[in-house]
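Participant: Provide a 3D model corresponding to the input given below.
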Amino acid sequence: MIQITEHIQKLRIVQLFEAARRFEEEGQEPFGVRINYDKLNQKHPQFLPDYDFSTVDDPDGLYRFVEHQDQYYSWYTEDNYEHLGDELFCLHPFTAKDFEPGKPWLDYPILYDRIEYSSYGNNLAITSRFYREEQVIHCENHTVLIDFWNNHWYRSEIQFSILEADLVLERHEDRNGNNWIIAHQLTNNQLVETKLDTVEKLAAYVRAGGNFSEDQEMDLIHDLDHLEAAQYLIEEVNPLLLEYFSERLRDDENLIELATAFCDDAFAFASDRIKDDPVFIAHLISTLPALSVPKLYESLRPELKAQTTVAVRALAKDFDGTWKCLTPEMKEKIKEMLNLITQEGSPICHLRWVDVRNFPPAFQEQVVEAMREQAEEVGLYDAFPYITHHMDTSGVVYYFGHQELTEEDRANLPQFYTNIQCVSFDHGGILALEHSCSQAYRVCTFLGDPLFDDLLHDAEFHLDGSITVRPNNVEKGWYTRYRLQLPLLQETDRAGFDNDLYGIPSVGPRDQLVCMDGGRVVENVFNPMSCQNSLAYRHDSEKAIEVVRTWPCAFSQLSAELKSNPLIHQSLLDGLIARRESLSPWIRVYSTIRLQDHFDRSQLIDLVQKKQLEPDTFPYALEFDVLEAFAASGAYLNAKIEHFFMNCSEDQWIKLVGLNGRFINILPERLKTEGMYKIAANTYLDSLSDAPKALRTNIEFARSIVSKHPNAILYFEDIATDHEELNAAWVAFQKWLKTDDDLPF
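Facilitator: Numbers count the residues shown, from 1 in each chain. Predicted coordinates for the structure are as follows:
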């Protein structure tokens with residue numbers, strides 16, 4: 001840093017004159033510094049050519065003269081010479097003698113307003129002079145690698161930045177739109193223009209703030225032909241940059257799949273060969289889970305839309321969205337295909353649908369009134385406004401019948417339902433249909449026969465053929481499971497408020513219905529989970545192995561032979577473990593799956609600790625280490641496995657309760673001591689809610705708990721004010737409960 005003195009100010013004006021002269025000698029405009037030499041020689045004769053400041057009786061006047069030569073821009077920012085600020089910089093180390101007066105002006109080191117040294121140890125520096133001249137200099141040999149004068153007449157500006165050891169970025173902008181970004185690579189002490197064609201260069205550019213959102217940035221990657229660099233841009237920056245890659249890369253199927261996985265719109269920049277390949281497009285639809293299928297299908301060329309292969313895959317992924325995009329001819333083809341497959345043994349479904357908004361207003365009003373009456377019959381009076389809203393916004397209702405609904409049916413309207421809650425093709429097909437836009441469901445067969453006399457608040461279909469429901473009559477239990485053997489229902493289990501019926505897998509989205517034109521409802525044989533015809537993997541072990549790993553519910557659709565295939569069992573178990581789901585529900589349903597054929601004992605104990613296996617499905621002897629692992633997992637208990645712990649010794653119970661305080665709930669009464677409740681409270685404070693009243697009113701016991709767990713004072717509310725220490729905890733707890741939110745309750 002060089003402090004500003006009168007001598008330094010004079011040196012500064014000399015170096016400005018020299019810079020202007022250099023540009024004049026090269027026949028270039030000195031970019032904003034235009035000196036009227038005639039007037040200068042009149043005002044300050046003999047000053048030039050040797051910069052004799054002794055002939056200048058008014059140095060400030062000289063500065064002002066130079067400043068006023070350019071009325072649009074001045075390198076001055078304040079009056080006189082204060083624009084120089086307080087400091088200037090020199091490229092190399094210097095001493096005071098380097099700037100002592102007496103030397104020829106041209107022998108002094110160059111002064112800079114700013115110097116930015118490279119942090120990569122490559123002897124490069126970016127310098128700025130007079131707030132206009134930008135240079136990249138090799139410090140070791142004083143070579144100017146790039147220089148540029150910012151032309152403020154055109155509002156032009158250039159900036160250099162060092163991105164990495166051998167990469168320099170040049171960014172230029174002016175008000176006439178003459179903008180560019182150029183990358184230079186340091187090669188043999190020269191800066192050579194280069195593309196950002198490697199991952200290292202791109203990463204350096206992105207770290208420096210580049211994001212390829214400006215048009216001029218695209219010149220840096222135009223016709224990119226480096227695969228790893230292209231993958232980096234797709235994954236880390238923007239998949240739509242695929243547009244600027246070489247034809248070879250835009251014809252790379254793996255790269256197109258990668259880009260389309262990140263953004264649907266990227267597919268538009270694939271090569272013409274790929275966009276005309278129905279097999280690859282069908283593969284994309286099947287493989288990419290987040291792909292907007294209707295959007296992709298709509299963008300295809302007409303000849304591809306006419307191919308059944310692509311349409312079938314698209315329908316399998318998103319039937320409703322794709323169906324709207326199909327041509328009438330393609331819809332007829334798909335209907336014929338669905339009808340043929342339905343005739344091969346799929347359940348017959350008499351459910352139909354209709355959009356009531358397609359009817360005249362008078363008939364619409366009659367339907368709405370009929371739906372209100374149907375809601376009133378079952379006591380759903382609060383549903384009236386929801387029915388009105390549903391009919392205004394959706395207008396779709398479901399009903400059972402052999403024919404389409406017409407205006408001639410106004411005198412005998414069917415029972416209407418507002419949504420399909422869940423579907424199972426098992427037992428000839430069963431449905432749970434929403435009644436009157438409410439959480440009230442009618443469970444019935446595909447033919448329309450009700451399985452329950454009453455409406456239900458919840459309904460779930462399971463892979464073992466059972467149904468879990470929540471009756472509207474609480475006396476029948478919060479949740480009840482029924483074994484379905486049509487036409488009879490057999491009650492098997494009941495549960496409390498929590499739906500704890502021992503974890504039998506539900507059908508989930510395995511089976512779906514399709515609403516086609518003309519009010520038809522048919523089974524979606526194009527299984528949405530595997531994105532291929534469900535019949536295709538029922539008897540094919542290789543396809544089954546692939547499908548069940550991703551969609552476990554598909555296991556229930558396999559043939560009896562494949563359900564006994566150990567390789568398919570391994571695929572199912574691997575998929576469940578990868579998604580951190582429990583294996584126990586599947587073992588309870590399918591006795592053919594033998595865990596001991598796939599895991600050793602230590603591996604199974606590890607699954608117990610990860611909450612992925614419960615003791616009732618552990619295939620080896622239930623020694624205490626298994627029970628201990630289950631307790632350590634923090635898993636909840638249920639009646640199906642509680643009896644495994646009943647033969648534990650007192651020492652073992654102490655370990656179990658210490659690992660999981662919930663075990664106090666099944667602890668034998670003789671062991672529910674004060675000490676055991678203290679142990680349980682360490683991991684499960686709510687165990688105190690079931691403690692004997694004598695304990696919950698014992699001040700010493702309360703103090704011992706609250707001293708470790710202050711919020712446990714909640715369980716000693718009756719004696720909270722009976723002791724100074726407990727009262728303090730109670731007051732603190734009340735403050736903790738308060739909130740600053742202005743809630744309406």
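Participant: List the contacts of the closest residue to Ala314 other than its chain neighbours.
Facilitator: Distances taken as Cβ to Cβ, 6 or more residues apart in numbering place Thr322 nearest to Ala314, at 4.2 Å, with adjacent residues excluded. Yep, even glycine has a C-beta here, placed from its N, CA and C like the rest. Thr322 sits next to 293-294, 297, 311, 314-315 when contact means Cβ atoms under 8 Å, 6 or more residues apart in numbering.
Participant: 10 Å instead, please
Facilitator: Contact analysis of Thr322 by Cβ atoms under 10 Å, 6 or more residues apart in numbering lists 285, 293-294, 296-298, 310-316, 330, 334.
Participant: Over to Ile221?
Facilitator: Applying Cβ under 10 Å, 6+ apart, the residues near Ile221 are 183, 195-197, 201-202, 205, 212, 229-230, 233, 237, 241, 244-245.
Participant: roughly how far apart are it and Gly675?
Facilitator: 71 Å (Cβ to Cβ, to the nearest Å).
Participant: just to revisit the earlier point, for ChimeraX, what selects the buried ones among the contacts of Thr322?
Facilitator: In ChimeraX, a selection of the buried entries from these looks like this (16 or more other Cβ atoms under 10 Å):
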select :285,293,294,296,297,310,311,312,313,314,315,316,330,334
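Participant: Straight-line length of stretch 404-421, end to end?
Facilitator: Start to finish, the residues bounding stretch 404-421 are 22 Å apart (Cα to Cα, to the nearest Å).
Participant: so where's the stretch 101-250 of the chain shaky on pLDDT?
Facilitator: Counting by pLDDT under 70, the stretch 101-250 of the chain contains low-confidence ranges at 131, 150-156, 175, 177.
Participant: try 90
Facilitator: Across the stretch 101-250 of the chain, the ranges flagged by pLDDT under 90 are 101-104, 107, 109-124, 126-135, 138-182, 185-193, 197, 204-205, 207-220.
Participant: residue ranges for the strands of it, please.
Facilitator: Counting by DSSP state E, counting those that start in this stretch, residue ranges of the strands within the stretch 101-250 of the chain are 111-112, 114-117, 124-129, 133-138, 143-149, 157-164, 167-173, 180-187, 190-194.
Participant: Show me what the first one is packed against.
Facilitator: Strand 111-112 sits against helix 6-25, strand 87-90, strand 124-129, strand 133-138, with contacts defined as 3 or more Cβ pairs under 10 Å, 6 or more residues apart in numbering; DSSP states H and E.
Participant: Can you add mean neighbour count and distance to Glu700 and give these back as TSV?
Facilitator: Below are these laid out as TSV (neighbours: other Cβ atoms under 10 Å; distance: least, Cβ to Cβ, whole Å):
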stretch	mean neighbour count	distance to Glu700
helix 6-25	16	83
strand 87-90	16	74
strand 124-129	20	75
strand 133-138	21	79
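Participant: how about these in JSON lines, adding distance to Glu546?
Facilitator: Formatted as JSON lines, the helices and strands packed on strand 111-112 follow (distance: least, Cβ to Cβ, whole Å):
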{"stretch": "helix 6-25", "distance to Glu546": "71"}
{"stretch": "strand 87-90", "distance to Glu546": "66"}
{"stretch": "strand 124-129", "distance to Glu546": "55"}
{"stretch": "strand 133-138", "distance to Glu546": "56"}
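Participant: right, so of these, which gets closest to Phe400?
Facilitator: When the helices and strands packed on strand 111-112 are compared by Cβ to Cβ, strand 124-129 sits nearest Phe400, at 78.7 Å.
Participant: what packs against the closest one?
Facilitator: Partner elements for strand 124-129 (3+ Cβ pairs under 10 Å, 6+ apart): helix 6-25, strand 87-90, strand 111-112, strand 114-117, strand 133-138, strand 143-149, strand 157-164.
Participant: neighbouring strands for it, and are they parallel or not?
Facilitator: If you go by DSSP bridges, strand 124-129 pairs up with strand 114-117 (antiparallel), strand 133-138 (antiparallel).
Participant: sorry, back to before: how much space between the residue nearest to Ala314 and Lys333?
Facilitator: Taking Cβ to Cβ as the measure, Thr322 and Lys333 are separated by 13 Å.
Participant: what's the burial count for Asp320?
Facilitator: 10 (other Cβ atoms under 10 Å).
Participant: And Phe94, by the same measure?
Facilitator: 13.
Participant: Nearest spatial neighbour of it, chain-adjacent residues omitted?
Facilitator: With sequence-adjacent residues excluded and distances taken as Cβ to Cβ, 6+ apart, Phe94 is closest to Pro109, at 6.2 Å.
Participant: wait, what's in contact with that neighbour?
Facilitator: 2, 11, 15, 90-92, 94, 98-99.
Participant: neighbour-wise, which of the contacts of Ile221 leads?
Facilitator: Within those, most neighbours by other Cβ under 10 Å means Leu196, with 28 neighbours.
Participant: what's near enough to touch the closest residue to that one other than its chain neighbours?
Facilitator: Spatial nearest neighbour of Leu196, excluding adjacent residues (Cβ to Cβ, 6+ apart): Leu220 at 4.5 Å. Leu220 is in contact with 169, 180-183, 194-197, 201-202, 205, 210, 212, 244, counting by Cβ under 10 Å, 6+ apart.
Participant: any idea how far the residue nearest to Phe94 lies from Gly395?
Facilitator: 83 Å.
Participant: Any stretches of the stretch 401-550 of the chain with poor pLDDT?
Facilitator: Scanning the stretch 401-550 of the chain for pLDDT under 90 picks out 401-406, 408-412, 422-430, 439-440, 445-447, 449-544, 546-550.
Participant: again, 70 this time
Facilitator: Residue ranges of the stretch 401-550 of the chain with pLDDT under 70: 472-502, 517-536.
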